[in-house]
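# need a structure here:
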Amino acid sequence: MAHPSPFQDATITEAVQLVEETGPLDDTQAMREAMSLQQDPVRRIVERARVLGQRIGLESEWARARSWSPWVLLGLVAVIVIAGLTLAGNVLGGSDRQINVVVALASLLGLHLITLALWLGGLFVSPGSVNASFGWLWLTLTARVAGGRRGQAPVLLRAVTRLLNRARLLPWALGFVSHAIWTLSFAVVLAAMLFALAFRNYTLSWETTILEPDFFVRSVQLLGRAPACLGFPVPDAQAVLSPLAAAPSQRAWALWLTGCIVVYGLLPRVAFVLLCAAVWQMRKKALRPDLSQPYFRKLLARFDALAPPHIVDADPGHLPHLAPHRLAAGDTTDSLMAVGFELPDELPWPPAALDMLGAQAVRIDGSASARRGLLDTLARVRPRRVLVGCHAASSPDRGTERFLREVMALSGECRLWLFGTAADDTARQRWHAWLGEAGLDGLQAGDALEPMLHGWT
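Residues are numbered from 1 along each chain as shown. Okay, the predicted model is just below:
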């Protein structure tokens, strides 16, 4: 089975959104499948739509429309080609073999110029004028033949038009089809004309009742300027004014008529086919779901809710530890500080003995803002000694290690008091073992306050 094209995925996603505008679908299984199969948020949304589209029939309707679309296009081309051949036959098939070049030119280029003007106007003035193009006719006929008024074909048609319109591609996509049909039609008409003019003898002239002959001379010269750049001859004033021109002049008339059809009919359509294709290539990325829409933001939030918890501070195992840094004696002040770190509320801080020694006491809860404020204070004060009190019944972690290292780097000496564990040997042993594993075994630590204050001042 062929992988769906990006345009198909975008259309199915848009169609599912249209369906859910009347009420959400049961998408529990679709969300799980999209979550497991895709990592990118946009791909998850598309995968969910694909699963739901298969369930409600959008995928099968798309496959049916896709299989019918080339046949509908060929049918339109056949109708246009037959019409072009009929028109060429009317121009060339008279029993007297007289061709009025003005009527022939108007017949072969009139409808083409009108539809081209409507398409160009739709680009700048009224986007709704694309409804008058062969591209819109092909799109609506394909939807009608593939699914009729029932099923999901109308939903897909609305999805395609809304998707292309939002990406500013609707006139260019439908214009590509329309210009391609016109290009083929002109190619067939020109082939029929050249064949008839090559093997049959025609007399080309013009007729009028109210216009001056000079009008035709100026018109032929004006219309012939562009074809002349491609080598097509332009009848001179004598040939235009002569009621029955000689054979060389008749050849000039025939090639002038052919050149006008090529320059004002075939080449503009070929150029616009290429232009539409180029615009499609430049803007096709806009067919991706717009994640700023509330509908898609809601889906992204639901996908985030399904995501497993992400560990942002995983334990990397035993890693080599750097030796802690301390401030040199000459870089410190005589200040003393006592810091209670993540202590339970029932434990008082600071102890009375520290108050008597004149230490500046601070208590922080371990939050990022509290730690940042304390480190700013340490960096400003540069104390000679800092006593850090920790609740020894708690288990030390990497956050505790980082905090102790930061305090040591901003002070002359750091001591660790294991608060509240005077009779808890297990807690004491756990902390001392952890200090050794963390590379902080040089830090003076104990559970009795008096040894911690020895030589404090």
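
# from here on, contacts and neighbour counts on C-alpha atoms
OK.

# which residues of this structure fall in strands?
Applying DSSP state E to the chain gives strands spanning 98-100, 203-205, 336-341, 360-364, 385-391, 413-419, 444-446.

# give me the angle between the fourth one and strand 336-341.
Counting by axes from the mean of the first three to the mean of the last three C-alpha atoms, to 10 degrees, strand 360-364 points 20 degrees away from the direction of strand 336-341.

# identify all contacting residues around strand 360-364.
If you take C-alpha atoms under 8 Å, 6 or more residues apart in numbering as the criterion, strand 360-364 is touched by 335-342, 349-350, 355, 370-371, 374.

# any chance of CSV for the strands of the chain, columns mean pLDDT and distance to Leu120?
Shown next, in CSV, are those (pLDDT from 0 to 100; distance: least, C-alpha to C-alpha, whole Å):
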stretch, mean pLDDT, distance to Leu120
strand 98-100, 75, 30
strand 203-205, 73, 33
strand 336-341, 90, 74
strand 360-364, 89, 71
strand 385-391, 89, 78
strand 413-419, 87, 80
strand 444-446, 86, 84
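
# would you format those strands as a markdown table with distance to Ala192 and mean neighbour count included?
Output for the strands of the chain, formatted as a markdown table (distance: least, C-alpha to C-alpha, whole Å; neighbours: other C-alpha atoms under 10 Å):
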| stretch | distance to Ala192 | mean neighbour count |
| --- | --- | --- |
| strand 98-100 | 15 | 17 |
| strand 203-205 | 17 | 20 |
| strand 336-341 | 95 | 22 |
| strand 360-364 | 94 | 16 |
| strand 385-391 | 99 | 23 |
| strand 413-419 | 100 | 22 |
| strand 444-446 | 104 | 19 |
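
# any idea which of the ones you listed gets closest to Gly53?
The closest of those to Gly53 is strand 360-364. By C-alpha to C-alpha, the value is 55.7 Å.

# what strands line up against the closest one, and which way round?
On the basis of DSSP bridges, the sheet neighbours of strand 360-364 come out as strand 336-341 (parallel).

# list the buried residues of stretch 440-457.
Buried positions in stretch 440-457, judged by neighbour count with 16 or more other C-alpha atoms under 10 Å: 440, 443, 445-447, 449, 452, 456.

# now Thr181: how far from Leu374?
Quick fix: residue 181 reads Ile, not Thr. Going from Ile181 to Leu374 by C-alpha to C-alpha, to the nearest Å gives 77 Å.

# tell me which of the two has more neighbours.
More crowded of Ile181 and Leu374, by other C-alpha atoms under 10 Å: Ile181, with 23 against 16.

# surely that one and Val77 touch.
Yes: if you go by C-alpha atoms under 8 Å, Ile181 and Val77 touch, sitting 5.9 Å apart.

# give me the residues contacting stretch 277-295.
In contact with stretch 277-295 (C-alpha under 8 Å, 6+ apart) are residues 7, 10, 13, 17, 42, 163-164, 167-169, 172-173, 176, 296-297.

# at 10 Å instead, please
Stretch 277-295 has contacts (C-alpha atoms under 10 Å, 6 or more residues apart in numbering) with 6-7, 9-11, 13-14, 17, 20-21, 41-43, 45-46, 163-170, 172-173, 175-176, 272, 274-276, 296-300.

# go on, stretch 58-70?
With C-alpha under 10 Å, 6+ apart as the criterion, stretch 58-70 contacts 4, 8-9, 11-13, 15-16, 49-54, 72, 75-76, 138-139, 141-147, 151-153, 155-157.
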